[in-house]
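Trainee: next comes the sequence, and after it the predicted model I'd like to discuss.
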Amino acid sequence: MAKTIKKEPKKKIFRQFTANDEEVNPFPFHRELSMESYLCENPQILALDDEVFKDKDVEIIEYELSIKDGRSRKNTDGRIDLLVQYSAEYLGVVELKNDELEEIHLKQLEDYLEQRDQVRDKYSDIIGQEYEGDPKWIGVLVGTSINPGLRKKILDGCKIHGDIPIAAITIQRFRSTNGNIYVTTNTYFSPTTKDYTKYKFNGDEFGKGRLVLAVLKHHIQNNPDLTYAKLDKQFPKSCQGNLGVFATIEDANEIFVRTNRHRYFDKPEECITLSDSSIAVCSQWGGNINQFLKQAESLGYDIKIKSN
């Protein structure tokens, strides 16, 4: 069962140079494009929490996306600043303002998210295919400061179009007398979407990804002669999506090199040896966990959701 936790804004400092006891002065971004470029180079700034929207899972997959009828309130087309992927569950529409965030900017974000199906269809070639059905969505406003009323609204758990959560990030840049650059951010987000579901298996408790890893390790220990092909029949790719439940170590490493993202449990102690190869289990699990649970249960495994 999901829990609702309301957090105070979290301050993060991203330093480009190491410096101590330096006098710093405001060094604002001159244009929104400058802010956008900085975020593209430092996507971890868009992290919203330490669970579903954590920094290592943030990936900017496109910027400056043209959207037909994107500004429905003005009967004009629109342009999304950033399209972001958070883990294997969420796509984020990010709206940048080199100014204080106001209610009107939330309305603009609402217009863009109204066209989310268009975004998914138009940019299907750049949006990962590992989603089980349609992805979940989140809207993120980024500005230099935030109106107190909007701040309260977001911390109270603002949602639009029924169930799309909204977050805000304020970002400020400074330069020291020695020329070093500092960027500070505040994150405003009430993560009512966070899924804390734990699963009981074999006497232990796990989150989604670790559950899959534990089940496959247990299954292979009980079936030491399994080959890659046989395991693939028992836990087919469709249980997860595009990435599959597992991959060879070589394929997992290739995906990491290509995307710079760890999508598999690939530490030495996490990898599993089959009779003909070594594999890494996929770590990208969200709504697709239900397909895996059905398959595991069909093989006789007893997995229960932990009650709170």
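Mentor: Received the coordinates, thanks.
Trainee: and the residue nearest to I255 when sequence neighbours are not counted, how many residues sit next to it?
Mentor: Nearest residue to I255, sequence neighbours excluded (CB to CB, 6 or more residues apart in numbering): R263, at 5.7 Å. Every C-beta, even on glycine, is put in place using the N, C-alpha and C of the backbone. Look at R263: counted by other CB atoms under 10 Å, it has 21 neighbours.
Trainee: list the contacts for R263?
Mentor: L243, A252, I255, F256, C282, S283, Q284 (CB atoms under 8 Å, 6 or more residues apart in numbering).
Trainee: what is the nearest of these to G300?
Mentor: Distance to G300, by CB to CB, is smallest for C282 among those, at 21.8 Å.
Trainee: SS state for the nearest residue to the closest one once chain neighbours are set aside?
Mentor: Leaving out its chain neighbours, the residue that sits closest to C282 by CB to CB, 6+ apart is L243, at 5.0 Å. The local conformation at L243, judged by DSSP: H, G, I helix; E, B strand; the rest coil, is coil.
Trainee: thinking again about what came up before, tell me which of the contacts of R263 is nearest to R79?
Mentor: Nearest to R79 out of these is Q284 (CB to CB; 29.0 Å).
Trainee: wait, the closest one sits on S87?
Mentor: Yes - judged on CB atoms under 8 Å, Q284 makes contact with S87 at a distance of 6.7 Å.
Trainee: mutual contacts of those two, please.
Mentor: Contacts common to Q284 and S87, judged by CB under 8 Å, 6+ apart, are absent.
Trainee: please look at Q240 and V281 and confirm they touch.
Mentor: No - counting by CB under 8 Å, V281 is not a contact partner of Q240; they are 9.6 Å apart.
Trainee: residue ranges of each domain in this protein, please.
Mentor: The record's domain parsing of the chain by automatic domain parsing lists 10-188, 199-305.
Trainee: right, I'll leave it there.
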